[in-house]
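[1] Compute the structure for the input listed below.
(chains A and B)
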Amino acid sequence: KAGVTQTPRYLIKTRGQQVTLSCSPISGHRSVSWYQQTPGQGLQFLFEYFSETQRNKGNFPGRFSGRQFSNSRSEMNVSTLELGDSALYLCASSTGTGFRGDTQYFGPGTRLTVL
Amino acid sequence: KQEVTQIPAALSVPEGENLVLNCSFTDSAIYNLQWFRQDPGKGLTSLLLIQSSQREQTSGRLNASLDKSSGRSTLYIAASQPGDSATYLCAVNTDKLIFGTGTRLQVFP
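    Residues are numbered from 1 along each chain as shown, chains lettered A, B, ... in the order given. Below you'll find the model as predicted:
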């Protein structure tokens, strides 16, 4: 079974631009979560989607948004990029049905650099 | 507020040693705890998941224990190998994963 895939793997943007990242979960998984990883803050939860609905949200500004499609694929968007948004963005999928007991499977991440 | 701490932050050992990595958390109201491995610049690989009702889980040379009442988990790696070199992260699951800062492990031949 194919793992979690994320595209693109690397992105370079300039301040003020916007960016869209994509995540395809493991087949059959309905929950997709997004995390930001930086050297200073470590891994932080952004949001979770299940069946096209945002089920949980972390403490990030409104510039960070996401959505999920009917095939469970998810996108996250960051508008008005800031230098501090440079990070590795990780997507994780799980079945979602057990919710709190599910194993999270992570993708390889998208490395975003903001210049 | 849930906080997760991992000790030590870094560890360098010769091949063949048995290792213990520690993870502590401040709020025992968790659903489960998961240990991950991360290679440089890569995503996370799930190693073990322990449900809150469980005491330990084993997979090959890895054994993880959970003491929810004291807010502690340990990851035991038996007979370490150079291929085990990576950063090891623990994460507690409340309604989202809250990660520790990781232990960077280097196993030298």
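[2] Name the residues of chain B found near chain A, please.
    Taking C-beta under 8 Å from any C-beta of the partner chain, the part of chain B that reaches chain A is made up of B:31-32, B:34, B:36, B:41-46, B:49, B:51, B:89, B:91, B:93, B:95-102. Yep, even glycine has a C-beta here, placed from its N, CA and C like the rest.
[3] who does B:Q57 bridge with?
    B:A64 (DSSP bridges).
[4] Could I get the pLDDT score of it?
    With respect to pLDDT, B:Q57 has a value of 95.
[5] Do you have the helices of chain B handy? List them.
    Secondary structure of chain B (DSSP state H): no helices present.
[6] From the residues of chain B next to chain A, keep the buried residues only.
    The neighbour count (16 or more other C-beta atoms under 10 Å in any protein chain shown) marks B:31-32, B:34, B:36, B:42-44, B:46, B:49, B:51, B:89, B:91, B:93, B:96-102 as buried among the residues of chain B next to chain A.
[7] just checking, A:F50 touches A:S94?
    No. Contact criterion C-beta atoms under 8 Å: A:F50 and A:S94 do not qualify, at 9.2 Å.
[8] Mind listing the shared neighbours of those two?
    Residues touching both A:F50 and A:S94 (C-beta atoms under 8 Å, 6 or more residues apart in numbering or on different chains) are A:S31.
[9] Tell me which residues touch the residue of chain B most remote from its centre, please.
    Centroid-distance maximum for chain B: B:P109 at 22.5 Å, with C-alpha atoms, centre = their mean. B:P109 sits next to B:14-15, B:82 when contact means C-beta under 8 Å, 6+ apart.
[10] Model confidence score at B:L11, please.
    Note on B:L11: pLDDT of 95.
[11] For it, which residues are in contact?
    B:19, B:21, B:103-106.
[12] do that again at 7 Å, thanks
    B:19, B:103, B:105 (C-beta atoms under 7 Å, 6 or more residues apart in numbering or on different chains).
[13] Please determine how far the closest residue to A:Y35 other than its chain neighbours is located from A:T110.
    Once flanking residues are discounted, A:Y35 sits nearest to A:L90: 4.6 Å by C-beta to C-beta, 6 or more residues apart in numbering or on different chains. A:L90 sits 8 Å away from A:T110, going by C-beta to C-beta, to the nearest Å.
[14] More neighbours: which of these two?
    Between A:L90 and A:T110, counted using other C-beta atoms under 10 Å in any protein chain shown, A:L90 has the larger neighbour count: 25 against 22.
[15] Quick check: which element contains the spatially most central residue of chain A?
    Nearest to the geometric centre of chain A sits A:W34, at 3.0 Å (C-alpha atoms, centre = their mean). Taking DSSP states H and E as the definition, A:W34 sits inside strand A:31-38.
[16] partners of that strand in the sheet?
    Using DSSP bridges, the strands paired with strand A:31-38 in its sheet are strand A:42-50 (antiparallel), strand A:87-94 (antiparallel).
[17] Contacts for it next, please.
    The contact list for strand A:31-38 (C-beta under 7 Å, 6+ apart) reads A:23, A:25, A:43-50, A:66, A:68, A:72, A:74, A:76, A:87-96, A:104.
[18] which residue ranges form the strands in the chain?
    You didn't say which chain, so I picked chain A. Assigned by DSSP state E, the strands in chain A fall at A:5-7, A:10-13, A:19-24, A:31-38, A:42-50, A:53-57, A:64-68, A:74-78, A:87-94, A:105-106, A:110-114.
[19] You answered for a different chain; I wanted chain B.
    Applying DSSP E to chain B gives strands spanning B:4-7, B:10-14, B:19-25, B:32-38, B:44-51, B:56-59, B:62-67, B:72-77, B:86-93, B:97-99, B:103-108.
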